[in-house]
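Engineer: build the 3D model from these lines:
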Amino acid sequence: MIKKFIDKLFGKSASTDFGAKRVKKSPFGQRQDVGPKEHGIDPQLVDDRAMDVVRTLKQAGFEAYIVGGAVRDLLVGLRPKDFDVATDATPEQVKSLFRRAFIIGRRFRIVHVIYGRGREYEVIEVSTFRAHLDSSQAEQVGGNERTSKSELAGMKHAVDASGRVLRDNVWGPLEEDAARRDFTINAMYYDPETQIVVDYHHGIRDAKKRILRMIGNPAVRYREDPVRIIRAVRFAAKLSGLGFKFEDKTAAPLREMKGLLADVPQSRLFDEMLKLLQTGHALDSIEQLKGLGLGTGIYPLLDVVVEMADQPFLKLALQDTDRRVGEGKPVAPSFLLSCVLWDDVRSGWARRRKHGEHAMPALQDAIDDAFNARIGDVSGRGKLGTDMREIWMMQPRFEKRVGSSPYSLLEQPRFRAGFDFLRLRAQTGEIDASLAEWWEKFSTAYDDERHDMIEQARQEQLQKPQHPRVRVKRQDADAGSPSTTHAHRAAEDDFPAPSPESGEPAPAKKRRRRRKPANRGNVDGTASAAGHSSPGAVSDT
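Structural biologist: As a prediction, the model looks like this:
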């Protein structure tokens with residue numbers, strides 16, 4: 001105020017030299033090239049394969065940068081798990097430069113460049129700079145991705161009735177690509193050759209201040225892509241340990257705009273849920289969801305996770321998943337989801353056993369009920385669902401430790417996942433810890449040690465009191481169906497008797513004597529009974 005009064009007193013124009021140098025603020029931000037002394041990125045943390053992608057593109061005459069979360073992690077001193085590259089080359093041009101590259105996606109067309117093979121393979125995701133377009137000027141369709149496939153086929157920029165972007169494949173310059181990214185700390189571009197960070201929206205400043213800030217109007221950006229709501233939670237959970245917090249304007253619309261997620265395809269929400277739970281910060285993600293008022297209503301299965309996260313079994317499973325991710329070990333979504341739904345399966349299984357059903361069919365029905373109630377059409381009947389079933393169906397088989405059963409169970413492809421599940425059950429007191437200890441030792445023992453362990457288990461079983469078998473029909477079974485009766489008998493032969501802890505009588509198993517064929521002479525009939533000791537039947541782990 002004093003300066004304005006003095007200027008007015010002496011007749012100075014409001015347009016001073018300082019004011020004359022002011023430049024109108026660009027809607028795309030102001031480019032800043034930040035050198036290594038200021039940003040402090042350690043080039044040793046950059047993946048060699050990402051370096052190769054950038055180098056190959058630049059040698060072909062294109063711009064290329066490491067972009068997104070990798071730059072953010074490098075700035076705060078973390079080693080990124082994934083590296084993405086942005087370039088002005090089109091997807092077709094990128095694909096032509098690499099031997100193993102594939103164009104994927106419809107909504108955003110990107111290229112996956114593949115390095116390595118088998119479990120050691122790595123994917124470098126390469127995206128083309130996109131133009132920053134006003135959604136109000138985009139083509140609008142009445143339906144969604146599924147109902148408007150034919151209409152969307154020829155469109156490059158399209159939105160649905162709510163403003164959600166269905167197609168965004170219009171290429172543009174670097175500054176526009178930066179403006180269409182979500183958070184300022186994810187909108188920086190790093191050239192690993194020159195070690196320059198290109199920053200348009202003060203991402204480096206926000207990274208130093210530990211602020212999560214949305215570029216542009218947060219409400220508009222969430223409406224363009226409601227999945228950004230879940231991404232915001234994931235970033236906050238990942239970076240909360242480093243002191244990052246939401247800017248008030250960025251966090252304010254989250255709860256009220258949660259309803260927009262209802263229009264997002266279920267498969268995409270399912271993938272985002274897995275990212276929340278399998279990026280090493282599952283427990284922190286759940287706390288963020290609760291704190292932001294997003295604990296329910298995002299995705300039905302995620303609601304279950306949030307609701308049951310404090311139960312000992314699931315909490316231990318989430319902690320174990322976070323630990324494995326932190327150690328760089330692989331995690332399988334089937335294992336974690338089998339832990340999430342175990343309470344449903346276990347209670348349904350116990351209820352059916354109480355009504356007299358045998359272990360195998362009772363467990364199968366309980367699994368079906370859990371899938372129908374919780375999974376629905378998303379992955380419940382595919383490979384993921386099959387793996388979950390195998391993990392659950394192994395649990396009764398761990399009770400049987402005599403004969404050849406331990407060897408056949410050990411050879412199951414999902415044995416390790418099933419055993420880890422058993423170990424979690426033992427750690428929470430659901431089963432006797434000695435059972436998990438026995439299988440831990442058996443899985444790593446030599447052949448003769450395994451034989452002795454099985455013999456000892458057999459002797460212990462013989463010392464237990466035997467009760468006459470009581471065969472009970474399932475309540476929902478068709479009494480006149482021969483196939484049903486046969487299936488129940490097969491299940492009773494394949495699965496062990498209830499454990500003493502269950503309080504149910506252990507049936508005495510009938511022995512079947514095999515007659516020797518008359519034309520085979522004097523053949524030792526004990527080989528089939530002791531098949532676990534025959535060559536090829538034992539598998540060392």
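
Engineer: only C-alpha atoms for contact and neighbour calcs from this point on.
Structural biologist: Fine.

Engineer: helix, strand or coil for Lys81?
Structural biologist: coil (DSSP: H, G, I helix; E, B strand; the rest coil).

Engineer: next, count neighbours for it.
Structural biologist: 11 (other C-alpha atoms under 10 Å).

Engineer: select the longest helix from the protein.
Structural biologist: Counting residues, the longest helix found in the chain (DSSP state H) is helix 447-463.

Engineer: buried sites along it?
Structural biologist: Arg450, His451, Met453, Ile454, Ala457 (16 or more other C-alpha atoms under 10 Å).

Engineer: does the fourth one touch Lys400 like I think?
Structural biologist: Which is Ile454. No - the criterion here is C-alpha atoms under 8 Å, and Ile454 misses it with Lys400 at 9.9 Å.

Engineer: the spatially closest residue to Ala179 that is not a sequence neighbour in helix, strand or coil?
Structural biologist: Leaving aside its sequence neighbours, Ala179 sits nearest to Phe28 (C-alpha to C-alpha, 6 or more residues apart in numbering; 5.5 Å). Here Phe28 is recorded as coil under three-state DSSP.

Engineer: which residues are in contact with Tyr200?
Structural biologist: Applying C-alpha atoms under 8 Å, 6 or more residues apart in numbering, we find Tyr200 in contact with Phe28, Gly29, Gln30, Arg31, Gln32, Glu175, Ala178, Ala179, Ala187, Met188.

Engineer: now the strands for the chain?
Structural biologist: 32-34, 64-67, 84-87, 101-104, 110-115, 122-128, 139-140, 157-159, 165-168, 188-191, 196-199, 211-212, 245-246 (DSSP state E).

Engineer: out of these, deepest packed?
Structural biologist: strand 64-67 (a mean of 26; mean count of other C-alpha atoms under 10 Å).

Engineer: list the helices and strands that one packs on?
Structural biologist: helix 48-59, strand 84-87, strand 188-191 (3 or more C-alpha pairs under 8 Å, 6 or more residues apart in numbering; DSSP states H and E).

Engineer: contacts for the longest one, please.
Structural biologist: Helix 48-59 is contacted from outside by 63-66, 83-85, 87, 89, 94, 97, 115, 124, 191-193, using C-alpha under 8 Å, 6+ apart.

Engineer: swap in the second one?
Structural biologist: For strand 84-87, contacts defined as C-alpha under 8 Å, 6+ apart pick out 50, 53-54, 57, 62-68, 70, 124-129.

Engineer: re the thing from before, in the contacts of Tyr200, find the pair that's most separated.
Structural biologist: Gln32 and Ala179 (13.9 Å; C-alpha to C-alpha).

Engineer: can you list the low-confidence ranges for this protein?
Structural biologist: Where the chain drops to pLDDT under 70, the residues are 1-27, 107, 133-169, 376-381, 466-541.

Engineer: ok, Leu283 - contacts?
Structural biologist: Leu277, Ala309, Leu318, Gln319.

Engineer: quick check on those: which are buried?
Structural biologist: Among the contacts of Leu283, those buried by neighbour count (16+ other C-alpha under 10 Å) are Leu277, Ala309, Leu318.

Engineer: once you drop chain neighbours, what's closest to the second one?
Structural biologist: Meaning Ala309. Lys315 (5.4 Å).

Engineer: of the contacts of Tyr200, keep whichever come out buried.
Structural biologist: Going by neighbour count (16+ other C-alpha under 10 Å), the contacts of Tyr200 have Phe28, Gly29, Glu175, Ala178, Ala179, Ala187, Met188 buried.

Engineer: tell me the one among these nearest to Pro300.
Structural biologist: Among the buried ones among the contacts of Tyr200, and counting by C-alpha to C-alpha, the member closest to Pro300 is Ala187, at 31.6 Å.
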